[in-house]
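Novice: Here you go, sequence then predicted model.
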Amino acid sequence: MESTHRHFLLYKPHGYISQFIYEKKRTKHKLGELYDFPEGTMAIGRLDENSEGLLFLTTDGMTSERVRGAHYEKEYYAQVDGVISEEAVEQMRNGVLIGVKGEKYLTKPCVAERLEQLPEWVGVGRRIRDERHGPTSWVRIVLTEGKFRQVRKMTAHVGHATLRLVRVRIGEISLEGMQVGEVKEVDQL
């Protein structure tokens, strides 16, 4: 039997929330403004309003559950305030204490490394600031978990606020070749 579910890849722009309905009074840009998604489409995981990058969407709840699991790596590039040291990166790699729902949580060990050069296809996003406001650096973080604002909390814990956050990969699928705001329908996730 052929599935009637539909699946999408989205390069979520900065300034959009990972929702289709927002009932609070503030007007926010929602995903449905980017594409005419079918009824019942849901984002798999979230990217906050100030984050950008790869987002999976589906009409299939089982696919959503599977992709959110720990066996799917999520890779992020974070531009941070200041020049991040190897010691700070090592702390994140080994796990740091962050707050999750009012409790302290030790993040799982992960891949973390400084990026000396950003791939060109990531650099096309919005500009944060120039060197007159102090140096910035980039770090690559690969997680198998996804706590609320986890990457931002991890970089803050080691003394470097996240200025720009881009999710570049989920599992084997990456953003490479996609444009900001682009939606691609795919057969499966």
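Specialist: Sure thing, it's come through.
Novice: Test my guess that residue 157 contacts residue 96.
Specialist: Yes - the pair residue 157 / residue 96 is scored as a contact, 4.4 Å apart, by CB atoms under 8 Å. For every residue, glycine as well, the C-beta is placed using N, CA and C.
Novice: Just want to know which of the two has more residues nearby.
Specialist: Neighbour comparison, residue 157 and residue 96: the larger count goes to residue 96, with 19 against 16 (by other CB atoms under 10 Å).
Novice: Checking residue 21 next. Helix, strand or coil?
Specialist: Put simply, residue 21 is coil when judged by DSSP: H, G, I helix; E, B strand; the rest coil.
Novice: List the residues that contact the spatially most central residue of the chain.
Specialist: In the chain, the centroid-proximal residue (CA atoms, centre = their mean) is residue 167; its distance is 3.4 Å. By CB atoms under 8 Å, 6 or more residues apart in numbering, the contact list for residue 167 reads 47, 51-55, 74-76, 175.
Novice: cool, and residue 20?
Specialist: Contacts of residue 20 (CB under 8 Å, 6+ apart): 30-32, 37, 41.
Novice: In ChimeraX, how would I select just the buried ones from the residues you listed?
Specialist: Here is the ChimeraX command that selects the buried residues among the contacts of residue 20 (16 or more other CB atoms under 10 Å):
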select :31,37,41
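Novice: And the contacts of residue 20, which is closest to residue 91?
Specialist: Using CB to CB, the shortest approach to residue 91 within those belongs to residue 31, at 34.2 Å.
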